[in-house]
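*Asks:* How does the following fold in three dimensions:
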Amino acid sequence: MAEMFLPLQHLLGCGGDPRLSVDPASGMNQYGCRPFPSPATLSFASSTATSISERAYDRAGSTRDSLMRSAISVGIEEAFEARIEAMRGELRGCLGLSPTTVDIVFSPSGTDSQLQALFLARALLGPALTTVVVAADQTGSGTADTARGCHFSVATATGSRVRKGEPVAGLAHSVTSVALPLFDANGDFRPQAETDSMVLGAVERAVAQGTNVLLQIMDSSKLGWRAPSEQCLDEISLLWPDQVQIVVDACQMRLGRPRLRKYLDRGYLVIVTGSKFFTGPAFSGAVLVPARLSKALAAISDVAPGLCEYSSRSDWPKTWPALRSRFPVRANLGQWLRWEAALEEIRAYYSVPDEFRRLALATFGKGAERIIASSRSLHLLPPQHKPQDGSVDDEELAQPTIFPFVIRHDGRVFSLEDCRKIHHALSGNAPDAVAANEGGCEQENAAKVCLVGQPVALGECGRHPAAALRICASARLVSEAWSTDEGTGQANVRRELDRVGAVVSRIEWLLANMGEQPAAGASWARDRRLGDELRHRPLGFR
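*Replies:* The predicted model follows:
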């Protein structure tokens, strides 16, 4: 296979939809990430995407070499199939799952996995289906299309040209969708009870109209929220046990392994990714399928023809031979290598002792909140209140790891478009501003490349909704901070907080120098001094 000999960074960027395409001018994809390690970037964007690490890049390279050696002995097709099966076993092991409890369907991205989940739900419940999407305003942009069985881009990961929004052949017939946002019309979070009531009402109406339901729930959203409540899900299971299939959007992977196992034990499909929290390169998706559903799915032989434009035979479990046989034999090298990289990050994270994982995330979270609060212009959004009894299931991820903030100046909150401009400027130099402020610390600050989570609209207030940017903790932050020496581990976490301070200072610098005037008396130097003071206060890392 000639493609195997292409440069590794090229392979890591292929086999996905156009969002992975690298701009020749910037060397970045649409997420501001590069297909090779970028250690100098101040990256806290794991709620969106992260450039690959040195460790993961080395893993991708070594596994490619290993596959080529195996291919010489047994042929590329057999060698590739064996490697994908080994990855299934490794992912199960990292997540504490048994081969007898879960099957895994791989995909190029979490959005592709939504199409797979829809296909599986139709196979289980029948073609007449209503997809109810909870937190529709805080999920991926393609969900509005995948929920209806439609193409979500202009090209698939296999290179097929399609029309965004048009039906995927064999998948969209008799499928409708209902979008339930977490924000109300005023841009405020709905109370949990109101969200639960909306979910129950939507399911009840769909069933009354004669369709079964694919209920896509959120854990967690772009802002770190979970919906609906467990009590709501219990009620749905009691009222409509055979008419509702629940799929969990866990693409952020900000949930504990016990909670993940609980979802699967209840018979839920779970969509995960190796990017986001785990910081593998963007575009590595999977559907976790509980054993109680696998027997029925293993008997499926009819496949939506349009799904073959998205998926290959090796994506599907070997325990489903009839279904697998309907998909083409086609190695998606980019998808495979991105998952190899992600598995290295997942392995490294769970190799860190439990207590350090908990303390590192807690210390980083408290520090990040204090640093953001030190800014006159940045204002944290409140985290979701979660029941205390859920903390055991979520392990160290019971605490917030996404820290969303709005930018407020001159009596107004920045709009989505305003935040997009700030996000874009953060991800590269600000040449015009640098030229106007040559020399000194201001030029140094302007040249820093920073990645934060892409802006999220807060409701639909007119044509210019307010929006939040996000600073995020990640698995890589923990694994790279870990040391057997306690003092070194603490110093490593403080170093990451220094970098958060630099990101906040960069935002303040941009506000002062790129057309947005800060509040009277504000200055970058003052903010830097205040940030330094807060960053070096004791944070209780013991």
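*Asks:* Return the set of buried residues in stretch 478-498.
*Replies:* Across stretch 478-498, burial judged by 16 or more other C-beta atoms under 10 Å covers 478-482, 489-490, 492-494, 496-498. To be clear about C-beta, it is placed using only N, CA and C from the backbone, and glycine gets the same treatment.
*Asks:* chain center to that stretch: distance?
*Replies:* In this view, stretch 478-498 has its centroid 24 Å away from the chain centroid, taken as C-alpha atoms, centre = their mean, to the nearest Å.
*Asks:* And for stretch 107-114?
*Replies:* Taking C-alpha atoms, centre = their mean, the mean C-alpha location of stretch 107-114 is offset from the chain mean by 11 Å.
*Asks:* ok, now stretch 108-118?
*Replies:* Here stretch 108-118 shows a centroid-to-chain-centroid distance of 13 Å under the convention C-alpha atoms, centre = their mean.
*Asks:* With stretch 276-287 instead?
*Replies:* Relative to its chain's centre, stretch 276-287 lies at 6 Å (C-alpha atoms, centre = their mean).
*Asks:* Convert stretch 369-385 to PDB, retaining C-alpha atoms only.
*Replies:* Presented in PDB, the C-alpha positions along stretch 369-385 are these (Å, rounded to 0.1, in the frame of the first residue of the first chain):
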ATOM      1  CA  GLU A 369     -10.800  30.000  38.100                       C
ATOM      2  CA  ARG A 370      -8.700  32.500  40.200                       C
ATOM      3  CA  ILE A 371      -6.600  33.600  37.200                       C
ATOM      4  CA  ILE A 372      -9.700  34.200  35.000                       C
ATOM      5  CA  ALA A 373     -11.300  36.000  37.900                       C
ATOM      6  CA  SER A 374      -8.200  38.300  38.000                       C
ATOM      7  CA  SER A 375      -9.200  39.800  34.700                       C
ATOM      8  CA  ARG A 376     -11.400  42.800  34.500                       C
ATOM      9  CA  SER A 377     -12.900  41.700  31.200                       C
ATOM     10  CA  LEU A 378     -13.300  37.900  31.600                       C
ATOM     11  CA  HIS A 379     -16.200  36.600  33.700                       C
ATOM     12  CA  LEU A 380     -16.700  32.900  34.500                       C
ATOM     13  CA  LEU A 381     -20.000  31.100  33.900                       C
ATOM     14  CA  PRO A 382     -21.200  29.100  36.800                       C
ATOM     15  CA  PRO A 383     -20.700  25.300  36.700                       C
ATOM     16  CA  GLN A 384     -23.600  22.900  36.700                       C
ATOM     17  CA  HIS A 385     -24.700  21.800  40.100                       C
END
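*Asks:* Check the secondary structure at residue 403 for me.
*Replies:* For residue 403, the assignment made with DSSP: H, G, I helix; E, B strand; the rest coil gives strand.
*Asks:* Doesn't residue 349 belong to a helix?
*Replies:* Yes: Residue 349 forms part of a helix when assessed by three-state DSSP.
*Asks:* Can you give me the distance of residue 116 to residue 289?
*Replies:* 10 Å (C-beta to C-beta, to the nearest Å).
*Asks:* got the buried residues for the helix or strand encompassing residue 9?
*Replies:* Element membership for residue 9, per DSSP states H and E: helix 8-12. Buried residues in helix 8-12, counted by 16+ other C-beta under 10 Å: 8, 9, 11, 12.
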